[in-house]
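> Below is the structure, and that's it, no one-letter string:
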């Protein structure tokens, strides 16, 4: 996804990697000059988790004469960009399976080769894993689902339509719970068993890295986390956990991210081959392993003792898009906890004109006007409740819309679109009063239905200049019941909004700050759906 302000930071590769690379003895430009030949520059659409490889890139250029220009995106959003005609020489996500299936008619993929490995697994607090007996015998996914259904296992996992770790997890779980011995098809999906499993999901996110930080914050109310093995091993090492995690590798198998570098521009084959030769060299593979905890793909690099010795069984991946899309829609519409999302929308006088038009377009994407791949999954889904609170000098009356069942969704989407069309801008900016109203709405709803996943989105283009101030809001927030303080706010900076004010709200509530001045509101609204 596109350039949100990130409140989390992964560990990065250090000087030791650069030294190891310098010693690898690969042929290339050793002059230290930067590449200028356009045939030796690769524009790469990459997953955001690969930011931790950025410190390697100057050495790659020095040794091999190839420059990588990385643009970060989620997989589905990346496919949308390719389908819209954006040109990239290569793609580098944690997996390429959806891309390859989507590419069956376009033949964009010229070559692909995996570069490192990280299984998507379940980390469970050590005491609980021991109590379940999972530290001595790997459970089945069905046994994990049973614990989740009973309320004994509350875990964090990313939204599979927004993040590859969640995507890999839901595909693996769906395959394992289907009971099929071959690649999953749409008819094999067992929605009831998936619903049992996802009753345990108590924290979601649109980013694997952000999920780790959110887990650390909320760890005392959670029992575990589903994520890349690499991130869970790193989490155990960084000293932030009150209790370490036991990594669980279910007996039926898991899905492993293999980070393939995929060539789209055949004219750049020589540069692509140079990058692969460098990344797969033994010294680089070893340093990636020891620094980022991703497994090597090069056989001559022995697995570090830090990795568990569990037998890893790889599940068959679905062989058609219909099966994958069916899994994702089953997750959204029937398996996950239904969401109740509260949107707090600035319609003060400064929003008149183009800014209000942008807001209306952004809301319209969630009301079904966006026909792209990401638009299909980001729109409001079955069973959801959506509360809309516009504000200027004061908060306007909340409007709550129920998406209902499959036959009622269009009616709910139409109601949201009509609300959007009627928005008008005037007045001042009472941010904290509007947020307090949102919390009262969410708290009242949660008292009636504690099984929903509640979140608040705040979009504003100015500083709060009326009503409650920041300190008063902090006192209000502190007075809320513990359950209400678990509801996170995801603010969006827009126009002249105060980054300090909005960052303070995100930090206080455990949310994440997004920048609508660097990215259009519509894609940001779609990205935020991964956190709801």
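All right, it came through fine. Small disclaimer: the values here were computed from a predicted structure and weren't measured.

> all contacts plus neighbour counts: C-alpha atoms, from now on.
OK.

> need the helices for the stretch 151-300 of the chain, in chain order.
Remark: helices assigned in the stretch 151-300 of the chain by DSSP state H, counting those that start in this stretch are 164-178, 191-198, 208-218, 229-237, 269-279, 282-292.

> closest one to residue 467 among these?
The closest of the helices of the stretch 151-300 of the chain to residue 467 is helix 208-218. By C-alpha to C-alpha, the value is 29.9 Å.

> and the closest one, average pLDDT?
What helix 208-218 shows for mean pLDDT is 96.

> Need the residues that contact that helix.
7-10, 49, 156-158, 163-165, 203-205, 222, 225, 227-228, 231, 235, 240-241, 510 (C-alpha atoms under 8 Å, 6 or more residues apart in numbering).

> List the buried residues for it?
208-215, 218 (16 or more other C-alpha atoms under 10 Å).

> now that helix and helix 229-237, what's the angle there?
30 degrees (axes from the mean of the first three to the mean of the last three C-alpha atoms, to 10 degrees).

> hmm, back to that, whichever of the contacts of helix 208-218 end up buried, select them in ChimeraX.
Remark: buried members of the contacts of helix 208-218, expressed as a ChimeraX selection using 16+ other C-alpha under 10 Å:
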select :7,10,49,156,157,158,163,164,165,203,204,205,222,225,227,228,231,235,241,510
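
> Which ones among the contacts of helix 208-218 map onto strands?
Taking DSSP state E as the definition of strands, those contribute 156, 203, 225, 227-228.

> okay, among these, which ones form the most distant pair?
Checking the ones in strands among the contacts of helix 208-218 with C-alpha to C-alpha, the most distant pair is 203 and 228, at 15.9 Å.

> where along the stretch 351-500 of the chain do the helices fall?
354-364, 373-378, 409-421, 431-448, 470-479, 499-509.

> Now render those helices as JSON lines, adding mean neighbour count and mean pLDDT.
Below are the helices of the stretch 351-500 of the chain laid out as JSON lines (neighbours: other C-alpha atoms under 10 Å; pLDDT from 0 to 100):
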{"stretch": "helix 354-364", "mean neighbour count": "18", "mean pLDDT": "97"}
{"stretch": "helix 373-378", "mean neighbour count": "21", "mean pLDDT": "94"}
{"stretch": "helix 409-421", "mean neighbour count": "18", "mean pLDDT": "97"}
{"stretch": "helix 431-448", "mean neighbour count": "19", "mean pLDDT": "97"}
{"stretch": "helix 470-479", "mean neighbour count": "14", "mean pLDDT": "97"}
{"stretch": "helix 499-509", "mean neighbour count": "18", "mean pLDDT": "97"}
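
> and of the ones you listed, who's closest to residue 184?
helix 373-378 (20.4 Å).

> residues contacting the residue lying closest to residue 363 once chain neighbours are set aside?
Spatial nearest neighbour of residue 363, excluding adjacent residues (C-alpha to C-alpha, 6 or more residues apart in numbering): residue 420 at 6.8 Å. For residue 420, the contact set (C-alpha under 8 Å, 6+ apart) comprises 360, 363-364.

> Residue 99: which of the residues you listed is nearest?
For the contacts of residue 420, the residue nearest residue 99 by C-alpha to C-alpha is residue 364; the value is 26.8 Å.

> so what's the closest one up against?
370, 417, 420.

> Equivalent analysis for residue 267, please.
Residue 267 makes contact with residue 39, according to C-alpha under 8 Å, 6+ apart.

> Stretch 84-98: end-to-end distance?
End-to-end distance for stretch 84-98: 17 Å, by C-alpha to C-alpha, to the nearest Å.

> what's the spacing between that stretch and its chain's center?
How far stretch 84-98 lies from its chain's middle: 17 Å, per C-alpha atoms, centre = their mean, to the nearest Å.

> Okay, buried residues for it please.
Buried, per 16+ other C-alpha under 10 Å, within stretch 84-98: 88-98.

> Identify the residues contacting the nearest residue to residue 491 once chain neighbours are set aside.
Sequence neighbours aside, residue 458 is the residue nearest to residue 491 in space, at 4.5 Å (criterion: C-alpha to C-alpha, 6+ apart). Applying C-alpha under 8 Å, 6+ apart, one finds that residue 458 lies in contact with 343-345, 435, 489-492.

> mind listing which of those residues are in strands?
Those of the contacts of residue 458 lying in strands (DSSP E): 343-345, 489-492.

> Can you say which of those residues are buried?
Of these, these count as buried by 16+ other C-alpha under 10 Å: 343-345, 489-492.

> which of the helices of the stretch 151-300 of the chain sits most buried?
Counting by mean count of other C-alpha atoms under 10 Å, helix 164-178 has the highest mean neighbour count of those, with a mean of 24.

> Can you pull out the residues in contact with that one?
With contacts defined as C-alpha under 8 Å, 6+ apart, helix 164-178 is touched by 74-75, 94-95, 120-121, 141-142, 157-161, 183-184, 188-190, 193-194, 208, 226-228, 252-257, 315-317, 324, 327-328, 331.

> Which of the contacts of residue 364 sits closest to residue 520?
Nearest to residue 520 among the contacts of residue 364, with distances taken as C-alpha to C-alpha, is residue 370, at 14.2 Å.

> Please determine how far the nearest residue to that closest one once chain neighbours are set aside is located from residue 407.
With sequence-adjacent residues excluded and distances taken as C-alpha to C-alpha, 6+ apart, residue 370 is closest to residue 376, at 6.9 Å. Going from residue 376 to residue 407 by C-alpha to C-alpha gives 17 Å.

> Stretch 357-375 spans what distance, first to last residue?
Taking C-alpha to C-alpha, stretch 357-375 runs 18 Å from one end to the other.

> chain center to that stretch, what's the gap?
Offset of stretch 357-375 from its chain centre (C-alpha atoms, centre = their mean): 19 Å.

> Pop the domain breakdown of the chain in here.
For the chain, automatic domain parsing gives the domain ranges 15-116+259-292, 118-256, 338-531.

> And the residue nearest to residue 491, what's its pLDDT?
Residue 458 carries a pLDDT value of 98.

> now swap in residue 66 and tell me
Predicted confidence (pLDDT) for residue 66: 96.

> Tally up the residues packed near the residue lying closest to it once chain neighbours are set aside, please.
Nearest non-adjacent residue to residue 66, counting by C-alpha to C-alpha, 6+ apart: residue 40, 4.9 Å away. When neighbours are counted by other C-alpha atoms under 10 Å, residue 40 registers 21.

> what about the strands in the stretch 51-200 of the chain?
Here the stretch 51-200 of the chain has its strands, by DSSP state E, counting those that start in this stretch, at 67-72, 90-92, 111-114, 118-125, 155-156.

> Determine which stretch of these is the most buried.
strand 90-92 (a mean of 28).

> list the helices and strands that one packs on?
With contacts defined as 3 or more C-alpha pairs under 8 Å, 6 or more residues apart in numbering; DSSP states H and E, strand 90-92 has these neighbours: strand 41-46, strand 260-263.

> Within the sheet, what are the partner strands of the last one, with directions?
Right, strand 260-263. strand 90-92 (antiparallel), strand 111-114 (antiparallel) (DSSP bridges).
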